[in-house]
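Enquirer: next comes the sequence, and after it the predicted model I'd like to discuss.
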Amino acid sequence: MGSIRVQKLTKSFGIHTVFQNVSFELHRGERIGLIGANGVGKSTLLKCLMGEEEYDAGAFVISEGETIGYLQQNITFDAAVTLRQTISDAWQDVLRCEIQLKETEQAMQHHPDSQELMNRYSRLQERFEWLGGYEYEAMSRKIIHGLGFAEADMDRPVQSFSGGQKTRINLAKALVCRPDYLFLDEPTNHLDMEMLEWLESYLLSYGGGILIVSHDRYFLDKVTTGILEMENGSITKYKGNYSHYVQQRNQRRKAMESAYEKQQEQIKATEEYIRKYKAGIKSKQARGRQSQLDRVERIELISEGTSLHFAFKPVEECGQKVLVLDDICGGYGDKQLFNHLSLLLRRGESAALIGPNGAGKTTLFQMIMGEKEFDSGHITLGSRVHVGYFAQEHTELHGTWSVMEEIMNEFSYSEEDARSVLGGFLFRGDDVYKHIDTLSGGEQARLALLKLFLHGPNFLILDEPTNHLDIPTREILEQALIDFGGTYLVVSHDRYFLDKIAGRMLVLENKKLKEYLGNYTYYREKEREKEELAVQELLGKTDTTHKKEDAILSAAKDKEKTPKKNNTEATIRKTPLYGAAKKIENIEMKIAELEATLKMYDFQMNLSENQTNAEKMITLTEQYEDTQKKLDEAYEKWETLSE
């Protein structure tokens with residue numbers, strides 16, 4: 001089994017050591033999550049491994065000929081390059097391998113007994129197959145469509161796409177070339193729920209090794225087979241997914257704390273003995289104890305680091321009806337996003353709004369806040385409702401102000417008071433003089449959250465509040481919302497976060513709003529029940545169709561045995577055109593059956609009891625891939641016959 005090895009890697013910027021003596025291995029078939037707080041050096045480590053940054057010491061070992069696909073956070077594309085060209089460029093390894101195969105074939109014709117050429121051909125063929133050489137066009141379509149692009153997008157210049165779409169293009173580019181290893185830096189950014197689930201299924205069926213930097217805990221739970229935690233400049237490896245990591249980490253820390261306390265008690269008792277007897281008749285024993293104490297390897301507790309202090313003020317009472325949407329129709333320009341939308345949000349409710357990208361979630365929030373006009377209907381806020389709005393683009397922040405000025409000017413705070421509250425949100429020292437335009441996404445999110453906290457609202461409207469936040473900060477925000485006591489409506493793609501904070505799911509899809517009284521997992525269970533029922537009905541209909549078809553064919557054969565005066569119908573049946581039409585009809589039914597079977601396997605792969613069973617997942621993945629292969633073959637036959 002192939003692997004890559006990182007051996008005692010060290011990286012510093014000036015006097016600041018980012019990480020030191022980092023070592024780990026990544027084998028084919030492993031999917032490792034790399035986690036840690038913002039700023040600990042995760043992206044820097046990936047850049048060192050990809051040669052974009054130089055490391056100071058250590059080694060990165062990869063076998064000759066093996067390739068790495070890399071998704072980075074900041075992407076630049078040539079202005080004139082189209083999506084089709086970008087994807088075609090990603091297949092250079094396949095095309096190169098195809099040329100080498102043809103050259104080797106020609107050489108074998110001249111030297112048919114050459115064992116060396118036969119071995120080379122075998123290796124190249126294996127490589128070509130692994131890279132998807134026999135199905136790369138179908139694979140490209142699958143990945144492009146899975147990430148939300150249509151055929152009409154293929155000839156658009158990449159620069160004409162939004163920032164989120166460019167991230168997805170770079171992800172597609174990393175996936176289609178099917179490298180031996182994938183390094184993915186925040187791959188779930190800008191993906192909606194459907195795309196996230198597609199990406200999870202794709203990575204679960206991927207045969208290479210994957211190293212993933214992500215703050216998406218639900219995604220890490222679904223995909224990973226191990227976790228690397230980066231903390232205090234070093235790395236600790238844990239087996240299993242994110243939930244297993246949390247359990248193991250807590251157990252490890254408890255064991256470490258217990259061992260530390262026992263050692264401290266022992267050290268204290270030994271020091272007491274030395275003080276008591278160092279000058280008496282037991283001075284020799286005291287000196288022996290001192291010698292032993294000097295040799296003891298001291299246990300050091302891992303520093304938890306600085307963390308955010310976040311809690312909302314006690315909320316003011318408000319009316320029972322907090323938000324009423326009555327028959328809202330609207331969108332932007334001439335594009336209608338929703339039609340006859342109605343909603344009642346009551347005091348104390350915790351609701352989450354989800355839906356595909358472009359469904360209109362942010363637009364609806366802007367209409368509630370009075371920033372956009374709607375075409376018809378009514379939006380009403382209840383009595384004594386005080387709204388706190390967290391905008392995805394942080395439009396409430398003043399880009400030219402410093403962090404200090406933002407707080408002093410908005411809340412009439414003294415410099416001392418502003419420093420005090422900013423310190424609780426990790427803005428310390430000279431950080432308070434930074435201009436807001438120069439802050440990272442995570443820093444801007446923290447500042448926006450601080451302003452929400454200081455305003456003291458009783459109704460929160462939060463648009464993607466976890467974007468750019470690391471896992472520790474997300475956990476603090478979760479607890480703050482649980483303890484809030486007021487009402488909130490949240491848009492988020494963070495499914496782990498939604499499971500923690502949402503008691504009501506609102507799904508905006510196809511211009512309508514559907515409701516589920518429960519968290520995200522409850523909503524998905526209900527949806528899967530519907531999907532499973534639909535698959536069973538489809539399979540039942542397919543079986544019925546096959547039985548009818550068999551009966552018709554059987555009757556036709558019986559009729560053919562009986563001589564007929566009029567041979568017109570029999571003549572038609574013997575024509576090639578009729579035979580092709582029947583074959584197309586049969587293949588279409590086969591395609592429907594295979595697509596239903598794929599949905600069934602996809603449903604089973606998403607069941608939590610199967611995801612914790614490695615053998616079951618391997619079997620399901622193999623069955624899924626086998627069915628997908630048959631489906632691709634069926635589509636090829638259908639296209640050939642149709643032509």
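Expert: Received, thanks.
Enquirer: His378: helix or strand, and which one exactly?
Expert: Using DSSP states H and E, His378 falls within strand 376-381.
Enquirer: now do whatever helix or strand comes next after that strand: everything it contacts.
Expert: Tracing the chain C-terminally past strand 376-381 and defining elements by DSSP H and E, one meets strand 387-390 next. Strand 387-390 is contacted by residues 365, 369, 381, 396, 448-449, 452, 455-457, 459-463, 465 when judged by Cβ atoms under 8 Å, 6 or more residues apart in numbering. (Glycine included, C-beta is placed from N, CA and C.)
Enquirer: buried residues, the following helix or strand past strand 387-390. List them.
Expert: Downstream of strand 387-390, the first helix or strand assigned by DSSP H and E is helix 403-411. For helix 403-411, burial by neighbour count (16 or more other Cβ atoms under 10 Å) applies to Val403, Met404, Glu405, Glu406, Ile407, Met408, Glu410.
Enquirer: okay, those in JSON lines with pLDDT next?
Expert: Shown next, in JSON lines, are those (pLDDT from 0 to 100):
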{"residue": "Val403", "pLDDT": "93"}
{"residue": "Met404", "pLDDT": "94"}
{"residue": "Glu405", "pLDDT": "94"}
{"residue": "Glu406", "pLDDT": "94"}
{"residue": "Ile407", "pLDDT": "94"}
{"residue": "Met408", "pLDDT": "94"}
{"residue": "Glu410", "pLDDT": "91"}
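Enquirer: pretty sure Asp216 is touching Thr188, no?
Expert: Yes: with contact defined as Cβ atoms under 8 Å, Asp216 reaches Thr188; the gap is 4.5 Å.
Enquirer: joint contacts of the two?
Expert: In terms of Cβ under 8 Å, 6+ apart, Asp216 and Thr188 are both contacted by the residues Leu196.
Enquirer: can you list the buried residues in the helix or strand where Phe183 lies?
Expert: Following DSSP H and E, one finds Phe183 within strand 181-185. Within strand 181-185, the residues that qualify as buried are Tyr181, Leu182, Phe183, Leu184, Asp185, counting by 16+ other Cβ under 10 Å.
Enquirer: same deal with stretch 319-335?
Expert: Within stretch 319-335, the residues scored as buried using 16+ other Cβ under 10 Å are Val322, Leu323, Leu325, Ile328, Gly330, Gly331.
Enquirer: roughly how far out does it sit from the chain middle?
Expert: The chain centre lies 31 Å from the centre of stretch 319-335; the measure is Cα atoms, centre = their mean, to the nearest Å.
Enquirer: quick one: contacts of it?
Expert: Contact with stretch 319-335 is made by 336-347, 349, 360, 363-364, 367-368, 372-385, 459, 487, 489, as judged by Cβ under 8 Å, 6+ apart.
Enquirer: so who does the residue most central in space within the chain touch?
Expert: Centroid-nearest residue in the chain, with Cα atoms, centre = their mean: Thr188, separated by 3.3 Å. By Cβ under 8 Å, 6+ apart, the contact list for Thr188 reads Leu196, Leu199, Ser214, Asp216, Phe219, His493.
Enquirer: give me the buried subset of these.
Expert: The neighbour count (16+ other Cβ under 10 Å) marks Leu196, Leu199, Ser214, Asp216, Phe219, His493 as buried among those.
Enquirer: from Arg123, how far out is Pro157?
Expert: 39 Å (Cβ to Cβ, to the nearest Å).
Enquirer: on that earlier part again, and the contacts of the strand holding His378?
Expert: For strand 376-381, the surrounding residues in contact (Cβ under 8 Å, 6+ apart) are 321-330, 340-341, 367-368, 387, 459.
Enquirer: which one of the residues you listed sits closest to Gly164?
Expert: Nearest to Gly164 among these, counting by Cβ to Cβ, is Met367 at 21.7 Å.
Enquirer: isn't the closest one up against Gly360?
Expert: No: in this structure, Met367 is not within contact of Gly360 by Cβ under 8 Å, at 9.2 Å.
Enquirer: the closest residue in space to Arg217 that isn't next to it in sequence: neighbouring residues, count only.
Expert: Spatial nearest neighbour of Arg217, excluding adjacent residues (Cβ to Cβ, 6 or more residues apart in numbering): Tyr496 at 3.9 Å. Using other Cβ atoms under 10 Å, Tyr496 is surrounded by 24 other residues.
Enquirer: tell me the strands beside whichever strand or helix holds Asp326, with direction?
Expert: Taking DSSP H and E as the definition, Asp326 sits inside strand 321-332. Strand 321-332 has its sheet partners listed here by DSSP bridges as strand 335-346 (antiparallel), strand 376-381 (antiparallel).
Enquirer: so for the host helix or strand of Lys514, what's the average pLDDT?
Expert: Using DSSP H and E, Lys514 sits within strand 512-516. Here strand 512-516 scores 93 as its mean pLDDT.
Enquirer: for it, which helices and strands make contact with it?
Expert: Judged by 3 or more Cβ pairs under 8 Å, 6 or more residues apart in numbering; DSSP states H and E, strand 512-516 is in contact with strand 335-346, strand 504-509, helix 520-561.
Enquirer: now it against strand 335-346, angle please.
Expert: 30 degrees (axes from the mean of the first three to the mean of the last three Cα atoms, to 10 degrees).
Enquirer: got a list of contacts for strand 512-516?
Expert: By Cβ under 8 Å, 6+ apart, strand 512-516 touches Phe338, Asn339, Leu341, Ser342, Leu343, Arg504, Met505, Leu506, Val507, Tyr522, Tyr523, Lys526.
Enquirer: with stretch 117-127 instead?
Expert: With Cβ under 8 Å, 6+ apart as the contact definition, stretch 117-127 has outside contacts at Gly65, Cys97, Gln100, Leu101, Thr104, Glu105, Ala107, Met108, His111.
Enquirer: ok, so of these, who is nearest Tyr245?
Expert: Distance to Tyr245 across these (Cβ to Cβ) is lowest for Gly65, with 32.8 Å.
Enquirer: the stretch 351-500 of the chain: helices as residue ranges?
Expert: Taking DSSP state H, counting those that start in this stretch, the helices of the stretch 351-500 of the chain run over residues 361-368, 403-411, 415-424, 441-455, 471-482, 495-501.
Enquirer: now restrict the contacts of strand 512-516 to buried residues only.
Expert: Neighbour-count burial (16+ other Cβ under 10 Å) is assigned, among the contacts of strand 512-516, to Phe338, Leu341, Leu343, Arg504, Met505, Leu506, Val507, Tyr522, Tyr523.
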